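Trainee: I would like the atomic coordinates for the input below:
(one chain, ligands or ions: 1)
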Amino acid sequence: MMKLILASGSPRRRELLESAGLEFDIVVSPAEEIHDATLGMITLCEENARLKTAAVAVEHPDAVVIGADTLVFIGDEPLGKPKNMEEAQRMLRRLSGRVHQVCTGFCIIGPDGGVVKSHGLTAVTFHELDEARIEEYLRKTQPLDKAGAYGIQDHGEMLVKCIDGSFDNVMGLPVDLVLHALRGIGLPIHAR
Ligand SMILES: Cc1cn([C@H]2C[C@H](O)[C@@H](COP(=O)(O)OP(=O)(O)OP(=O)(O)O)O2)c(=O)[nH]c1=O
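Mentor: A predicted model of the protein is given here:
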């Protein structure tokens, strides 16, 4: 049986892959992310996913390794994780009352060195948020380890009016696409 490794320290990614019924080990990737917005949304997320995955794959050449990167985009501008609560507040103010895109790039590297890259894209519409709502949200949740300063799984109803696309993808991993890609490289995965 081929070993699967999730190259991620994100508890959300772990939860999503577990709920898909997969067995895997976790190895947190030491790779540094790049922030070059001129690459464009999809290339930037997929390239970050590839860097994270490749850094683990070289150490585990017999395994199938998967890694991912989630970014929030306002137009062409990527929002990563806020550095502090003030930046988190500024991000939520900017997301208020509008639509943004959440892109999760993922990469799978197999024992043959083959690289598969793909991504999920979800449009998220926020309610109009007043200052009191933003403050309450930031008090209730932990925004600093999340792209765009929010977690849709974390009191998301306080912020999110609607989404167009996959919820899992916003949370950190487009599970259906990942399962499809894993099947494509020959991992025995049963339908959900
Ligand atoms: C938009 C959004 C992001 N997130 C999280 C998912 C990711 O953990 C995080 C984006 O940061 P990432 O850099 O994609 O991932 P990470 O640093 O947490 O973990 P690793 O690089 O080891 O895989 O934001 C949510 O949990 N909910 C959301 O609604």
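Trainee: switch to C-alpha atoms for all contacts and neighbour counts from now on
Mentor: Noted.
Trainee: buried residues of stretch 82-94, list them for me.
Mentor: Neighbour-count burial for stretch 82-94, counted by 16 or more other CA atoms under 10 Å, picks out 82, 85, 88-89, 91-92.
Trainee: export the residues you listed to a markdown table and tack on pLDDT?
Mentor: As requested, those are exported to a markdown table (pLDDT from 0 to 100):
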| residue | pLDDT |
| --- | --- |
| 82 | 98 |
| 85 | 98 |
| 88 | 98 |
| 89 | 98 |
| 91 | 98 |
| 92 | 98 |
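Trainee: nearest to residue 149, of those?
Mentor: Checking the buried residues of stretch 82-94 against residue 149 by CA to CA gives residue 88 as the nearest, at 5.1 Å.
Trainee: list the helices and strands whichever strand or helix holds the closest one packs on?
Mentor: Assigned by DSSP states H and E, residue 88 belongs to helix 85-95. Here helix 85-95 touches helix 131-140, going by 3 or more CA pairs under 8 Å, 6 or more residues apart in numbering; DSSP states H and E.
Trainee: who are the contact partners of residue 30?
Mentor: By CA atoms under 8 Å, 6 or more residues apart in numbering, the contact set of residue 30 is 52, 55-56.
Trainee: distance of residue 111 relative to the ligand?
Mentor: 20 Å (CA to the nearest ligand atom, to the nearest Å).
Trainee: check residue 183 too.
Mentor: From residue 183 across to the ligand, the span is 21 Å (CA to the nearest ligand atom).
Trainee: what's the pLDDT at that residue?
Mentor: Turning to residue 183, the model gives it a pLDDT of 94.
Trainee: test my guess that it contacts residue 176.
Mentor: No: Residue 183 is not in contact with residue 176 according to CA atoms under 8 Å; the separation is 10.7 Å.
Trainee: of the buried residues of stretch 82-94, closest to the ligand?
Mentor: Among those, residue 82 lies closest to the ligand (CA to the nearest ligand atom), at 10.1 Å.
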